[in-house]
Structure formats: structure tokens, C-alpha cells
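Visitor: turn this into a structure:
(one chain, ligands or ions: 1)
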Amino acid sequence: MTTPMMQQYQQIKQQYQDAILFFRLGDFYEMFGEDAREASRILEITLTTRDKDKEAPIPMCGIPYHAVNTYLGKLLNRGYKVAICEQVEDPEKSKGIVRREVVRVITPGTIIDKELLAEAQNNFLAAICQVDDIWGLAFVDVSTGEFYVTELNAGNTSSVVDEITRYNVSECLVAPDDPGAIRTLLEPVCVVTSYPPKHWSVKRTQLKMEEQFSRSGLEAAGIIGCEAAVAAGGILIAYLSDTQKQTLGHINRVQLYSPKHFMLIDGATRRNLELHTTMRTREKKGSLLWVLDKTVTALGGRLLKKFISQPLLDRNEILSRQQAVTEFVNNMFLREKLREYLKKVYDLERLVSRLVFQTANGRDLLALGQSLQYLPLIKERLEHAKTTPLLHDCWHSLDTLTDISQLIMESIKDNPPVSVTDGSLIKDGYSEEVDKLRQAAASGKKWLAQLEQEERNKTGIKSLKVKYNKVFGYYIEITKANLDHVPTYFQRKQTLANAERYITPKLKELEDTILGAEDKLVKLEYRIFSDIRQTLAVETKRIQETARVIALLDVLLSLATTAVENGYVAPKILPSEDTMEIKAGRHPVIEQLTTAGAFVPNDTNVGDKKQLIVITGPNMAGKSTYMRQVALITLMSQIGSWVPAQEAFIPLVDRIFTRVGAADDLSTGQSTFMVEMNEVANILHNATGRSLIILDEIGRGTSTYDGIAIAWAVIEFLLQEKKGAKTFFATHYHQLTALDNIYQQVANHQVAVQEKGKEIVFLRKIISGGTDKSYGIQVARLAGLPNQVIKRAQFLLTEMENQGNSAASIEAAAAKEDHLVFFEALNSSYETVLEKLRHLDVMNTTPIEALNMLSELKQLVDEGDNSEQN
Ligand SMILES: Nc1ncnc2c1ncn2[C@@H]1O[C@H](COP(=O)(O)OP(=O)(O)OP(=O)(O)O)[C@@H](O)[C@H]1O
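Guide: Numbers count the residues shown, from 1 in each chain. Alright, predicted model coming up:
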């Protein structure tokens, strides 16, 4: 027979089948059945059983409630959802089994707990929904309250994936019937959840959106009539109320954006240009974000990431940001002062969500109050920069929230405890009632001490003590040796091995006053604190608006600081058709990673006359670095930043495409060459005459002739079909340099190197003209390939250059050389000896040095012989 508690469990579990149910039992969250099996494996906790003696014992495991976040984090990271089921009535007051309810379902996209969130990173939940031939997309960050919607053409599923990657979404809701088979495309990118149930209608989603943002809010955002966007938004709202179980007041503003408003950067380009993390280690260090991020608030850190993901397309908007950055570059004092104040500002966006969820504690409020005190100072400083329009807007919209900081600073005690139910939250002087109770509790303790002294005097028992425990309250303890002196008005309560415990009517009376006062005080403080928290939650919109200004200021200041520290210039932003000219441009990241002054700057000129630059040059010369540098300077210009160059004229580009390096995508079962061709196809389909295209060694994943043929045809297509697209094409196929004889829009460039005997020196300088030398073997030698391999390759290369590279001639060459290599391999010191002789300056060698050298060479040859024999 199932116990009533297990019946209750099963009823609740029934409704949350896709989540792991954390079922609160006293101080533990327990899991049962399949949930327990799964959780115990992932969380590495012991799996036990309930009703061991019964026929079908139920697997179970548990975690202490106070350590819940650690365990939650592990499950969410693995993509699980967790339903938190609490006891929702006081067990002491309940009749029969205590009532339990799921109070929140936490999913990877709906985390708000600060311990589980990365500070400088948004945590987005997205929904995708197709209405007719349009995709609606909606994004929400529950921890900050941001809510965005947009629409895309349904034919193009890859642009949906691009948008989801751009937001770095943690969880995405897709319809269970999944019309565009989008789930498979998204699964490598984020957790995909089927939602909503089939019977959901566009009408219902619209109602949900109106409930959340009001009709006028939707009108103000201009989204009435955007059915797909509204539908996606409504699905998000519905999912949030299903999981969060409460209205979310901090999500009060929806923004419709047009992807056309921002430069679209696909996932491959984002990775290739290492915008947020490096390709190899996936770390921030070594990325563009790493160079530009001098933000001092978590709010600013998140916004800067967004800026980098969403370069602008509107020249005026770019210039307005650039002007603000310039203002801060030119005004060091203002810049440093503002940054100093901003450092003190707390994560206002995330705090707001904790106010709404009522999870903010005394420390959160105090931190809020303290940081708000800097707002008037910030506003005052901004007054000096009012002539710059964007900074004027910041100054104008910065609400200093003095009423809020005053309320907090007057009411919340310094150093409040973490828990909000243990008292010590409310400052003296804020509430008369609190003061009175606090005094009563404090005096009570004094009275107790007096009573103890009085009783000692009366009884003559020096060791008499007034003590306290939770079960008996206050009592007087007398050791066994003194029992004879105990007066009759002492009433015995408990006997211990060597002492007796008593109470007296007076002690009882005092106890009532003290305990009553403390109990009342804790309750009253909690009530007042909750009221304050509630009052602040009502001010959500104002705090959010201020948070937006603070984040923007922080990012502009960060860009200015980087510009000053790294010696950047303000680029001139030109219309798309113009020529891109960069004088002495540098790669923003590589220059930081090389020793100061070691980076070699290079010029760029591409556009009107020469639209496509073919870059040849040895391996390791700096071709990729150069092309990425052009892309990054363009991107930085369009986010409003200054750029690493002496001078830069940047025409607006609508997209940056890159095809750089080879990356296997084994997770989707694609080969290196297939990935390469997919990326090239994407570029050829989607680039326009206003795009910037970086193609690094395309075609190298297949045989030489196939590769050359594909590369040639791709270039022709770009010249004919994407007129004006500024393109850089790095290649080892020197045959492609012939293109500039045929097409006047093509220019050949090479990266200069200097030959020194067998060695090469990289000059890192881009010069005009093509080269047919790869120096691959020299680079391989630098990389430390065994001498034997290098020599052999050198021989085969010479043979191929003389005889052609047909299979037959290579075979003939290989046969010819075989015994020679074998002979040379007989003594492994051969190359070292030769090297020493090569570097020997005979004319400047004394006889004794010559003798020493001879002996050294002999020793080397002997050692070589010995090692060959062993
Ligand atoms: N302008 C420069 N100044 C200083 N160092 C540079 C410069 N350009 C490149 N480098 C250094 O040279 C290294 C190799 O550059 P890069 O990868 O761009 O060469 P590559 O020509 O694309 O090589 P491959 O053809 O083998 O891919 C870089 O990692 C960087 O450290």
C-alpha cells in the first residue's frame, strides 16, 4: 500500500514528468524512482531505497536544502530541468499530511540565482515560432528582465540559428511539430525544449503578451501586427509563468529589433574572428572582448559583449557612439572619475529580478543603497559632457534614485545577516516598535544578570547560574554539592548527573518578556524588510532605466580607456560604396600578445578600384593575421570604437563573412572539407556587394587541382555576382595570381620574407605582387620535424619541380632517393656536424680552436655511431 506521502509525491510528479522533482522533506530535498537513479549518478550521491522490505522498493536519494545550489548547478549544466516542491504550510499546524506544491521549475534558461550565473554574461531563454512564412523569435533574460523579439524569413533556417547563436542562448523553445526541423540544427548550440503544447493558438500568445506588457506597451514597441514575433513572445511568457509560478514585474518592456538594424555575424565568423573566446581554448583571454573589456560593472560587461555581437549599420548611430567615446578619450579626468564611481555600482539589473522574486536579502539591499549613493555624483560629472548628444541623453535619463537610496540607508542595518528571518536587519531609529522590542530584549538580559546575582546572594550558592536551552527556556542550575541550600520557591524542572535545574516565578516572568520580545522582534523585522523590498520592487522600471544608462556609460568608458591605452584612432565612417583605407593598421589582439612594438603595422586599400585582394606568401608569414585585422578593425568601427591604426576610412559593411582555417565538425558528422564548402556556400548565397569577405585558403581540403579550380571559380563568382564586395583571399595556390591579368578588380599582394641561407626571416610586411614560394619545408624545419624528414621532403620537392608531380615521377624520385636517405640516416649526428661546419668562420679561428672543434666533431660522430648501434 502506498503511503499518503508517496501518493502526494506521485500526484505532483505526474505533472512534472520532464523535470527532476526535488521533493522537500524537512531539511532535505528527496528524489524518488527514475529521478533518484539519474540524479544520484550525476550528482555522485548515494542511492538508497525506501520501503526496503517491500516487494518493489523505491530508489531514493536526497540533498540537504541549504546546499541545493551546488547540486542544481550540476543538473542544469547537463541540460536538466528541476522542479522545486516545497512544504507550503507549517508542519506543526497542519492536520494530516503537510501540503506541498511546486513553487518553481528551474531550467537552463530560467536561472536567477546569483550563485549559478556568470556575472558578465546574460542568460537567455529563446522561443521560435513559425507563422505562415515568417519565423518569430523571442529572447528573455529572466535575471535582468531584458526581452527582445524579431522576425525572419522562414525560408532561411540558418539565419534563425545565427540569431540564436548571437544571443548565446542557454535554452530554446521549439514547437513540438518542429516545422523547419530546427531542433537538429539547434541541439549542438543549446538545450532545446518542446513547448508549447499543440493546441496553442496565435490568439492566446497575443493575450499573454498583452497581459505582460499591456496593449499600449506593445503598441509603443511597434509590434502589433508582427504576428510571428508576438507569438514567439507569448510562448516565452507562457513558459515563464508555467515555470516561475508568479508574475514577473521586472519584465516590463519588450523591444522589437530588426536584424537589419545590426550587422549579422554568423556562428562561423564569430568563432573565426575570436570575438568572445579563442577558437582553441574557448577562453576570453586572446579574444577581441578581452582587449576591449575595461568595464568595471557586471552590467557594462554584459552590454559590451552585446555591442561586439551586434555591430551597427546606421552611420549616425555609430557616429553618436564614437563621439561619446571621443569625448571620454579627450577628457582624462572625467573618464577616470566616472570609472571610479561606476566601480561602486552593484549589478542593478540582476538585483531587480531578486526584488521581484523576493529573494533579495539584507546584504543585497544594502549594496543597492550604497551603490545608488554614487548616482548623483555620476550625474554631476556628466553635466560636463552634455554637448555630446549620446552623453546628454545619458545625463538626461539618469534617475539618481535618491528616494530609494535614502529609504535603504535609513532602514537597513550595517552588516545584516544572510538570512532574512533571523532579525538584525532594521536600523535603530527607523521603526519605533522595533526599537522598543529591541530594548526590551536587551534589558531583559540585564535583568537576568541581576536576578542571578540576587539569587546567589539570597542562597549563598556562588556557582548558581541562569542558563538557557531551546527545550526548557531559562532555568537556574545548581550543582549537586549545593542542593542543601536550595530554597523552597525553586521548582525543580530537570535532574542531571551532577546538577539540578530549577525555575522560579520571577524567572518565568522574565523569560516571557525576553522570549516574547525577541520572537516578536524577529517577526516584525522580517515584515518591515519585506515591505521595504516590496516598495523597491514597485520601482523596478526606474531602477532598470538607470541600469541601462550605467551599462552604456561603462561600455563607452571602456572603449575610450582601451583607445587611450592601446593608441587607437577614431575611424572615419564612410558610405558603403567608398574605398576602405587603413594606414598602418594593427591586429588588436595579436599586438597585445606580442612584445611592445614588435607588431608590424600594415596598410589596406580595397574597394572602388580593387575589390578583391589575392594574398600569397609563405606559411606563418602573417596572411591570416592581416585579413583578420581588417575584419576586426571594420567590426570595431561599426560598434563605435576607435581602432588600432594611424588613420582609417571605413565604409559601412552589411556583413562580415569569414572562411578561416579548417575545423572538423564531428558532432554533426561533417568532414573538414564538407564544413569548408558549407561555409563557402553560405558566403556565396548570402553576401552582398556591401559585404566584407575573408577567405583563407579555400580549397585546400581537397586535391590540388580540385582546390585551385574551386578557388578560381569562387573568385569569378564573387567578381561577377557580388560586385563591390570587399574580398581578401589568402592562398598557397600561386596559380591564382594570374587572375589579376584577367580582372582589373583583382590585386595581388604578398607577405614579404627574406631568405638567409637555408633560413627565412619573416618581415610581416604586406607588399604588392604575388609570390609562388611557400617555404613550407623551412617552416616545417622551424617546427622541429626530424632532419631526415626535412631532407627527404626537400629532395622530393626538387624532383617534382623538375619532373612534374605525377604519381609516376614521384615514385621514380622516391626510389632514387631511398638508399641515400638510408645512408644519411646511418649517423644521426650528420646534420649537426654539417650545421657546425656551415657556421665555422675558418679565417677567424685560432689553431687551438680548430683543434677543439675537430675533437668535438669526432665526438659527435662517435656518439652518433653508438646510438645507431644500440
Ligand atoms: N604583422 C605582424 N607583426 C608581428 N607578428 C605577426 C604579424 N602578423 C603575424 N604575426 C605572427 O605570425 C604568426 C603567424 O601568422 P599567420 O597565422 O597570420 O600566418 P599565415 O601566413 O596565415 O600562415 P599559414 O599560411 O601557415 O596559415 C602569428 O601568430 C603572429 O604571431
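Visitor: which parts of the stretch 651-800 of the chain are helices?
Guide: All helices of the stretch 651-800 of the chain, identified by DSSP state H, counting those that start in this stretch, fall at 672-686, 704-721, 739-742, 776-782, 787-803.
Visitor: ok, the spatially most central residue of the chain - contacts?
Guide: Among the residues of the chain, the one closest to the centroid is Gln121, at 4.1 Å (CA atoms, centre = their mean). Listed by CB atoms under 8 Å, 6 or more residues apart in numbering, the contact set of Gln121 reads 168, 301-302, 305. From N, CA and C alone the C-beta is placed, and that goes for glycine too.
Visitor: show the backbone phi and psi for it.
Guide: phi -140, psi 130 (degrees, to the nearest 10).
Visitor: same question for Thr771.
Guide: Backbone torsions for Thr771, taken as degrees, to the nearest 10, come to phi -140, psi 150.
Visitor: what sits against it?
Guide: 616-618, 734, 737, 750.
Visitor: export those to a markdown table and tack on distance to Asp554 and neighbour count?
Guide: Converted to a markdown table, the contacts of Thr771 look like this (distance: CB to CB, whole Å; neighbours: other CB atoms under 10 Å):
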| residue | distance to Asp554 | neighbour count |
| --- | --- | --- |
| Thr616 | 44 | 24 |
| Gly617 | 41 | 28 |
| Pro618 | 43 | 21 |
| His734 | 49 | 17 |
| Thr737 | 48 | 20 |
| Gln750 | 43 | 23 |
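Visitor: if I look at the one residue in the stretch 51-200 of the chain that gets nearest to the ligand, how far off is Ile656?
Guide: Residue of the stretch 51-200 of the chain nearest the ligand, by CB to the nearest ligand atom: Thr165 (24.8 Å). Going from Thr165 to Ile656 by CB to CB, to the nearest Å gives 15 Å.
Visitor: name the nearest of the contacts of Thr771 relative to the ligand.
Guide: Among the contacts of Thr771, and counting by CB to the nearest ligand atom, the member closest to the ligand is Gly617, at 5.8 Å.
Visitor: measure the closest residue in space to Leu692 that isn't next to it in sequence to the ligand for me?
Guide: Spatial nearest neighbour of Leu692, excluding adjacent residues (CB to CB, 6 or more residues apart in numbering): Val653 at 4.4 Å. Taking CB to the nearest ligand atom, to the nearest Å as the measure, Val653 falls 21 Å from the ligand.
Visitor: next, count neighbours for Val653.
Guide: When neighbours are defined as other CB atoms under 10 Å, Val653 has 24 of them.
Visitor: sorry, back to before: surely the residue of the stretch 51-200 of the chain closest to the ligand touches Ala268?
Guide: No - between Thr165 and Ala268 there is no contact under CB atoms under 8 Å: 9.6 Å.
Visitor: Met60 - that's part of a strand, no?
Guide: Yes - Met60: assigned to a strand according to DSSP: H, G, I helix; E, B strand; the rest coil.
Visitor: give me the number of residues near it?
Guide: 22.
Visitor: what's the domain layout of this protein?
Guide: 4-106, 114-261, 293-401+539-566, 432-533, 572-778, 794-869 (automatic domain parsing).
Visitor: got those domains as CSV, with mean pLDDT columns?
Guide: CSV is the format used below for those (pLDDT from 0 to 100):
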stretch, mean pLDDT
domain 4-106, 86
domain 114-261, 84
domain 293-401+539-566, 93
domain 432-533, 88
domain 572-778, 86
domain 794-869, 73
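Visitor: as CSV, those with distance to Leu275 would be great.
Guide: Formatted as CSV, the domains of the chain follow (distance: least, CB to CB, whole Å):
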stretch, distance to Leu275
domain 4-106, 23
domain 114-261, 10
domain 293-401+539-566, 5
domain 432-533, 38
domain 572-778, 8
domain 794-869, 39
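Visitor: what about stretch 412-419, how long is it end to end?
Guide: 13 Å (CA to CA, to the nearest Å).
Visitor: average pLDDT across it?
Guide: Mean pLDDT, stretch 412-419: 86.
Visitor: quick one: that stretch to chain centroid distance?
Guide: 31 Å (CA atoms, centre = their mean, to the nearest Å).
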